[in-house]
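K.L.:
kindly return the folded structure for what I paste below:
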Amino acid sequence: MSLKNLTDRELIHEYLGGKEKAFEVLLNRHREKIYTSIYLFVKDRNKADDIFQDVFIKIIKTLRKGNYNHEGKFVQWAMRISYNMCVDNFRKNRRRTKVSATETFDIFDVLENKDDNQELTMIKNEAYSKIKQLVDQLPPEQREVVVLRHYADMSFKEISLLTRVSINTALGRMRYALINMRKMVENKEYLLQ
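P.N.:
As a prediction, this is how the structure comes out:
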């Protein structure tokens with residue numbers, strides 16, 4: 001039987017039995033999803049490459065020590081490790097996630113003037129800056145859900161798995177984040193920063 005036809009659990013068993021190729025198959029199977037989630041969180045290709053490599057070094061060490069629990073799915077476990085490493089990196093560098101429009105939609109694309117003149121560029125930058133200020137002023141749990149949902153493009157189910165809260169809690173945090181951001185705009189608190 002080909003290694004590619006084995007389950008993740010079987011591949012891990014084969015790898016621990018000495019078949020290095022089994023881990024390569026496992027890595028290739030989940031590479032895109034894990035890398036994409038890291039990249040969407042850190043928004044920097046070089047940093048994403050480094051974190052991705054660190055994630056799989058940690059996975060290998062954990063597997064070799066016999067500390068991997070087969071109760072959950074491998075990919076969910078790997079995603080949790082990647083999420084934690086992104087958060088650690090974020091905290092370590094005290095660098096904020098850049099708030100920007102998604103690749104598929106930018107509100108400024110619907111404006112009639114298609115040429116980005118200096119004035120429009122300044123307006124865009126100011127708008128992004130104010131949104132970033134609003135997001136930065138949210139409580140940590142709310143900010144985390146906003147970043148994961150809108151900037152890492154994760155579903156609420158994925159967010160609940162990564163943050164280890166229920167889907168309803170994740171939805172509630174998003175709801176309160178939006179309410180808080182509206183209040184800040186109404187009170188013009190974001191202008192004070």
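
K.L.:
whatever helix or strand I38 lives in: which residues count as buried?
P.N.:
When secondary structure is defined by DSSP states H and E, I38 falls within helix 20-42. For helix 20-42, the neighbour count (16 or more other C-beta atoms under 10 Å) marks 22-23, 25-27, 30, 34-35, 37-42 as buried. In this view, the C-beta of every residue, glycine as well, is placed from N, C-alpha and C.

K.L.:
how far away is the residue nearest the centre of the chain from F156?
P.N.:
Computing the C-alpha centroid of the chain and ranking residues by C-alpha atoms, centre = their mean puts F41 first, at 3.6 Å. Per C-beta to C-beta, to the nearest Å, F41 is found 16 Å from F156.

K.L.:
name the helix or strand of this protein that has the lowest mean pLDDT.
P.N.:
Least confident helix or strand, the chain: helix 118-136 with a mean of 73, by mean pLDDT, DSSP states H and E.

K.L.:
ok so, going back, which helices and strands sit right next to the helix holding I38?
P.N.:
helix 8-16, helix 45-65, helix 74-93 (3 or more C-beta pairs under 8 Å, 6 or more residues apart in numbering; DSSP states H and E).

K.L.:
okay if I get the ones you listed as TSV plus mean neighbour count?
P.N.:
Formatted as TSV, the helices and strands packed on helix 20-42 follow (neighbours: other C-beta atoms under 10 Å):
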stretch	mean neighbour count
helix 8-16	17
helix 45-65	15
helix 74-93	17
